[in-house]
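*Asks:* My questions concern the predicted model and sequence given below.
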Amino acid sequence: MHISSIKVKNFRAIKDAELKLDPNQKQDLTLIVGKNNSGKTSFIMVFDKFFKKEDNFNFHDFSTHLREKIYKIDSETIEEAIIGLFLEISYSKDDNLEYLSEFIIDLNSKNNTVKLYFECLIDEERLRNDLINIDKKYKKKFIEKNITSYLIKNLYIYEKDEDIENNKQKLIKKEVSAINSLINYQVIHAKRNLASSETKEKSSLPLSKLSTEYFNKENMFSEKDFIKINNAILEMDENLNNLYDTHFEGFFENVRDFLGSTALKVLSNLESRQIMSNSSKVVQIDSEENFLPESLNGLGNLNILYLLLQIDLKKRFFIQEDRSINLLFIEEPEAHTHPQMQYIFSKKIKKIIENIPNLQTFISTHSSHIVSQCNFEDIRYFHNHNGNVKIKNFYLELEEKYKLQTELFKFLKQYITLYSAELFFAEKVIFIEGVSEKILLPYFIKNFDEKNKGKQDYIPISSQNITYIEAGANSKAFQHLLNFFEVKSLILTDIDSVGGENRSACSVDKGIASSNATINHYLNYNENDPDWFNLLKKRGIKITDKNINLFYQTEENGYHARSFEDSFISVNYELIKKHKKDIFGLKNKYKINDNPENFYDLTDSIIKSKSEFASSLLFLALVNGDKEGDEKIEWKTPKYIYEALEWINQ
């Protein structure tokens, strides 16, 4: 028995989105990933609001598209202003249906699904009646502040989805509290208030507090396991009673003299809970005799320790309460932890939770390190497009897209695991061709930002959430992935002209085609079209993907370069010639003369090491000009790269 579908409507960032799980078997772990403000927290909080009795909905829990309508509730009926949570529970004949049976309404043996609908709606009539007495100019504020008092929570069982909208009388109403006999919901929120070395108050030591809670629950659930502790406390009581008799003897004599009472006595009444709460603390062992208090531990360590204690505490709740379905939500476990610890957490979490019966765990994260270590089948990707959240099954949807390109899909999975899990959280992506571009692109971006910083509302590229990928000719493998993420993507590549019968490398003016697999893939190379390459040179072929754009060398200053190095040398030739003695990665420097006949041939004959060449160019640009009298070296950005930066920044 397990939850196979979760659908949320009209709650905060989520207008209407469904998270689908395997209907045939329980998915033990689901990873909720996505960029900021993509609805991950909203997805978790809607469970809090329906499953926790003390958590009530408020005005700002309604999706933004409903709020203006709610303001007009005194003049309009707003039946659509309902927050909804839909759960589908799949079960088999082998399951223990003791707790589920009261929710089963379809006795057809072929149907093995129970559908539950939680709703939060406004008591419109009562609110309208009260609004009559509110001054018109205060109505909006009254609704915002007081709507919680007019909200009603309901739970229904239903068979058909269309009945929710059209035949609500067919729904079977249940008490909302009835769900607690079937589902045990627990959550560990991201806000954990961990104590740092600056924290002085004992109340700000959540790890010690949680250890106390853990002890008390253990004591409550398993008293026989605490006999030794409780016996020790009773023995302490007896010893303290004897000490108290001696210590307070003089005081009691005065009491007898004044009041004539002999019935006073001070008794020790120690309780394990009080001792644990007031007289115990969590420390880290630094050596055999040295201990670090909680407040002096690193926040990363504290966070992991806190999570482990919380999970173990939740585990005991799950086991003791013995529900058919256990739900555990963990929000952003990576808080305060360095990458290595995030790797460890992602590897260990399944082992930690695997012994909890009937458990389905949902973890939301912004950590690329956690994502890289998970099974891709477990990922559900949250995407907010123009205020509408979509929840995508990462593995199944991409597997379908790559069904005719299985090798590319295999490459993609391994590449993301090893290098680029940041793609899940990127606002934009830039693909670069090789090592030279990788070294110099940040310099070009810095210059671009500097040139455009005076423009109104300009956001520097260097401050944007951009993932950079060095994929070479393999950029084509990412096409379906980029469209899945719906992320703006720039591919910087080389035109790689070839000519002759053997299609060998040549200058662009002699070329008849491109050997670049990325260009040929995205721009639909047609070997039967003699004009294709001429159109390519003039950027006359448009890419069809709305999220992806391709930039390569175009004619500049009367010359059309074939590669990045070729292009860079052609636009910076005078400066390179002047400083050639300080530039590494070159050979045949004598060829750098006054009038090169062909930059393509020159580049081919002088480049010895692309990485050394690019590194020395960057070094000269960064260090020259600091001292008085030094010449400031500023390399020009090739036109195609500048135009690419203009596009990615739009």
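*Replies:* Received, thanks. Numbering: from 1, shown residues only.

*Asks:* Skip the chain neighbours and tell me the closest residue to residue 118.
*Replies:* Among residues not flanking residue 118 along the chain, residue 85 sits closest, at 4.1 Å (C-beta to C-beta, 6 or more residues apart in numbering). Any C-beta I mention is one placed from the backbone N, CA and C, and that applies to glycine too.

*Asks:* secondary structure class for that neighbour?
*Replies:* Classification of residue 85 using DSSP: H, G, I helix; E, B strand; the rest coil returns strand.

*Asks:* Return the per-residue confidence for it.
*Replies:* Looking at residue 85, its pLDDT stands at 98.

*Asks:* and it, how many neighbours?
*Replies:* 21 (other C-beta atoms under 10 Å).

*Asks:* Also residue 130?
*Replies:* For residue 130, using other C-beta under 10 Å, the count is 15.

*Asks:* Name the helix or strand for it, please.
*Replies:* Assigned by DSSP states H and E, residue 130 falls within helix 124-131.

*Asks:* gap between that helix and the chain center?
*Replies:* 41 Å (C-alpha atoms, centre = their mean, to the nearest Å).

*Asks:* is it true that residue 462 touches residue 447?
*Replies:* No. Using C-beta atoms under 8 Å, residue 462 is not in contact with residue 447; the gap is 10.5 Å.

*Asks:* who has more neighbours, these two?
*Replies:* Between residue 462 and residue 447, counting by other C-beta under 10 Å, residue 447 is the more crowded of the two (17 against 12).

*Asks:* Quick one: classify the more buried one as helix, strand or coil.
*Replies:* Using three-state DSSP, the structure places residue 447 in helix.

*Asks:* Excluding chain neighbours, give the residue nearest to it in space.
*Replies:* residue 637 (6.2 Å).

*Asks:* Confirm that the one you found sits in a helix.
*Replies:* No. Under three-state DSSP, residue 637 sits outside any helix and is assigned coil.

*Asks:* still on that earlier bit, what's the next secondary structure element after the helix holding residue 130?
*Replies:* Counting by DSSP H and E, what follows helix 124-131 is helix 139-146.

*Asks:* Now do the helix or strand following that next one: which elements does it pack against?
*Replies:* Note on helix 139-146: by DSSP H and E, the next helix or strand toward the C-terminus is strand 151-158. Secondary-structure packing of strand 151-158 (3 or more C-beta pairs under 8 Å, 6 or more residues apart in numbering; DSSP states H and E): strand 113-122, strand 172-174.

*Asks:* Residue 392 is nearest to which of those?
*Replies:* Nearest to residue 392 among the helices and strands packed on strand 151-158 is strand 113-122 (22.3 Å), distances taken as C-beta to C-beta.

*Asks:* ok, the residue nearest to residue 118 to residue 533 distance?
*Replies:* 57 Å (C-beta to C-beta, to the nearest Å).

*Asks:* Would you agree residue 525 falls within a helix?
*Replies:* No. If the criterion is three-state DSSP, then residue 525 is coil and not within a helix.

*Asks:* can you tell me how far the nearest residue to it once chain neighbours are set aside sits from residue 587?
*Replies:* Ranked by C-beta to C-beta, 6+ apart and with sequence neighbours excluded, the top spatial neighbour of residue 525 is residue 532, at 6.5 Å. Distance of residue 532 to residue 587, computed by C-beta to C-beta: 36 Å.

*Asks:* Which one of those two is surrounded by more residues?
*Replies:* residue 532 (19 against 11).

*Asks:* I'd say the more buried one and residue 541 touch.
*Replies:* Yes. The pair residue 532 / residue 541 is scored as a contact, 7.3 Å apart, by C-beta under 8 Å.

*Asks:* Which positions in the helix or strand encompassing residue 575 come out as buried?
*Replies:* In the assignment (DSSP H and E), residue 575 maps to helix 573-578. For helix 573-578, a neighbour-count test (16 or more other C-beta atoms under 10 Å) marks 573, 575, 576 as buried.

*Asks:* I'd like those laid out as JSON lines, including distance to residue 96.
*Replies:* Listed next are the buried residues of helix 573-578 as JSON lines, based on distance: C-beta to C-beta, whole Å:
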{"residue": "573", "distance to residue 96": "79"}
{"residue": "575", "distance to residue 96": "78"}
{"residue": "576", "distance to residue 96": "77"}
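
*Asks:* ok, so of those, who is nearest residue 457?
*Replies:* So of those, ranked by how close each gets to residue 457 (C-beta to C-beta), first place is residue 575, at 33.4 Å.

*Asks:* give the contact list for that closest one.
*Replies:* Residue 575 sits next to 633, 635 when contact means C-beta atoms under 8 Å, 6 or more residues apart in numbering.

*Asks:* State the distance from it to residue 611.
*Replies:* Applying C-beta to C-beta, the value for residue 575 to residue 611 is 20 Å.

*Asks:* ditto for residue 118
*Replies:* Distance, residue 118 to residue 611, by C-beta to C-beta: 59 Å.

*Asks:* Can you pick out the residue with more neighbours from the two?
*Replies:* Neighbours per residue (other C-beta under 10 Å) separate residue 118 from residue 611, with residue 118 holding more: 21 against 14.

*Asks:* quick one: residue 354 and residue 22, what's the gap?
*Replies:* The separation that residue 354 has from residue 22, given C-beta to C-beta, amounts to 17 Å.

*Asks:* can you give me the helices in the stretch 351-500 of the chain?
*Replies:* 368-372, 394-401, 406-418, 435-452, 479-485 (DSSP state H, counting those that start in this stretch).

*Asks:* Okay, domains of the chain per the record?
*Replies:* 2-191+324-332+358-382, 202-316, 428-648 (automatic domain parsing).

*Asks:* Any idea which of those gets closest to residue 396?
*Replies:* Per C-beta to C-beta, nearest to residue 396 of the domains of the chain: domain 2-191+324-332+358-382, 8.0 Å.

*Asks:* Can you check the distance spanned by the closest one, start to finish?
*Replies:* 22 Å (C-alpha to C-alpha, to the nearest Å).

*Asks:* Give me the distance from that domain to the chain's centre.
*Replies:* The answer for domain 2-191+324-332+358-382 is 21 Å, by C-alpha atoms, centre = their mean.

*Asks:* With stretch 340-356 instead?
*Replies:* For stretch 340-356 - counting by C-alpha atoms, centre = their mean - the centre lies 17 Å from the chain centre.

*Asks:* What is the nearest of the buried residues of helix 573-578 to residue 623?
*Replies:* Lowest distance from residue 623 to those (C-beta to C-beta) belongs to residue 575, with 15.0 Å.

*Asks:* separation between the closest one and residue 621?
*Replies:* Distance from residue 575 to residue 621, by C-beta to C-beta: 10 Å.

*Asks:* where do the contact lists of those two overlap?
*Replies:* 633, 635.

*Asks:* quick one: terminal-to-terminal distance for stretch 90-108?
*Replies:* Stretch 90-108: ends 14 Å apart by C-alpha to C-alpha.

*Asks:* For that stretch, buried residues please.
*Replies:* 90, 91, 97, 99, 100, 103.

*Asks:* Give me the subset of those residues lying in strands.
*Replies:* Mapping these onto strands (DSSP state E) picks out residue 90.

*Asks:* and which of the buried residues of stretch 90-108 is nearest to residue 191?
*Replies:* residue 99 (31.9 Å).

*Asks:* quick one on the thing from earlier: which residues are in contact with the residue nearest to residue 447?
*Replies:* 444, 447, 448, 645.

*Asks:* how close does the closest residue to residue 353 other than its chain neighbours get to residue 598?
*Replies:* Among residues not flanking residue 353 along the chain, residue 361 sits closest, at 5.4 Å (C-beta to C-beta, 6+ apart). To residue 598, residue 361 is 63 Å away according to C-beta to C-beta.

*Asks:* swap in residue 506?
*Replies:* 11 Å.
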